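*Asks:* Please find the sequence and the predicted model below.
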Amino acid sequence: MLQSSRFQVLLASPDEDLRNRTESLLESLDAGVKTLPDGEALLAAVSGLRVGSVVLLDSQIATVGNGQLLAALHETGVAKRSSIAVISHGHSDKTEIPDPAHAQLAYPEQFPAELWLQRLRDGMIDDIVPRNANLLQWSTHLNTLRRGHLLRSEVEHLRETTLAQAEHDRLTGALNREAILSVLFRETDRVQRMGGSLCVILIDIDDFGHWNSQLGIEACDELLRQISSRIGKLLRSYDLLGRLGNDEFLIALPGCSPVNAVMLAERLRMDVFAMPFDLPSTRVMLTSCFAIASSNGRSPVVVLREAEQTMDDARLKGPDTIRSARQSPFLGETRPGIFPGNRDPNLVLW
């Protein structure tokens, strides 16, 4: 049985003698071992494996040699959580005569040592262990497998972190310009193939250059972070927020109609920009213009151009305006910059 306080090993082999001998050796190395008679039983058991476990496969299992079992382990994600090693006769595979009592096993000469070396080079397995390995050899192989898995995990984490940094704006955490445009092309392709709707909302913060000159870059960076955070809280899990420029954001809304996009823009205007933004030395009220465009399966370049033209119309109407493409009346009126006389003296208005 596998024990939670020890590192886990799953051993699949149709050879009962090999299972018993290997289990005894590995348990003396403080491994929790579970032995299984075939590949099917192994696949049924791997779902409970902890990260850093070891999977041992007897080379005499036919589905190991033909690659089916290895492919299944990789498809289920086991190879990312665990190390995989093959127990092989090595070069003796070609000369050893199989025991007639084990007729259900794959003949060793079917799978020569070169096959396992190729599997190792291809990354399908992580190690090859001699069938007659002694205690010292097993200790060495297990340590190598576990160190190798740790190294691969660190490299994968670094790769994912680097990829995330490459796709996201470091200041706000939103997708950067390249990433959000890539998303738009992908979602447009989905709309063209499967139908459905896709809308974008372009957001431009009113007179942000004024705040840069009044408050400084660090304070305005904090404003952008707060804006991105507030917007993100109002989006669905599959909506995407990107930063197009210094004070411009773009929201991609898969499965959203133009009417619902306008409703979301109104909610953004009220829940994001109607509340003051707190800075260390003051509080600031911001406004923003919103431009909405619908994909209809058109090129993202065309849709973005339409959104930008719509934004130009919104800016002409004045701050705090919502404008939807191909719609003549302006949606929403400019909020007057007049607040009650007893307002917070730390509240800066523009």
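*Replies:* That came in fine, so what should we check first?
*Asks:* Might you report the residue contacts of the residue lying closest to Ala179 once chain neighbours are set aside?
*Replies:* Excluding the flanking residues, the one nearest Ala179 by CB to CB, 6 or more residues apart in numbering is Glu167, at 4.1 Å. Every C-beta, even on glycine, is put in place using the N, C-alpha and C of the backbone. For Glu167, the contact set (CB atoms under 8 Å, 6 or more residues apart in numbering) comprises Leu175, Asn176, Glu178, Ala179.
*Asks:* closest to Pro254 among those residues?
*Replies:* When those are ranked by distance to Pro254 (CB to CB), Leu175 comes first, at 14.0 Å.
*Asks:* wait, what's in contact with the residue nearest to the closest one when sequence neighbours are not counted?
*Replies:* Leaving aside its sequence neighbours, Leu175 sits nearest to Gly242 (CB to CB, 6+ apart; 3.9 Å). Applying CB under 8 Å, 6+ apart, we find Gly242 in contact with 169, 174-177, 179-181, 183, 249-252.
*Asks:* Which residue ranges of the stretch 151-300 of the chain form strands?
*Replies:* 198-205, 240-243, 248-254, 277-278, 283-284, 288-294 (DSSP state E, counting those that start in this stretch).
*Asks:* how far away is the residue nearest to Leu175 from Leu202?
*Replies:* 10 Å (CB to CB, to the nearest Å).
*Asks:* between the two, what contacts are shared?
*Replies:* Going by CB under 8 Å, 6+ apart, residues that sit against Gly242 and also against Leu202 are Phe249, Leu250.
*Asks:* and the contacts of Glu167 as TSV, adding pLDDT and neighbour count?
*Replies:* Below are the contacts of Glu167 laid out as TSV (pLDDT from 0 to 100; neighbours: other CB atoms under 10 Å):
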residue	pLDDT	neighbour count
Leu175	94	22
Asn176	93	19
Glu178	90	11
Ala179	91	18
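*Asks:* farthest-separated two in the residues you listed?
*Replies:* Longest span within these, CB to CB: Leu175 and Glu178, 8.5 Å.
*Asks:* neighbours of Gly48, just the number please.
*Replies:* 11 (other CB atoms under 10 Å).
*Asks:* Please apply the same query to Asp320.
*Replies:* 21.
*Asks:* cool, Ile61 as well?
*Replies:* 24.
*Asks:* Name the nearest residue to it, ignoring sequence neighbours.
*Replies:* Gly39 (5.4 Å).
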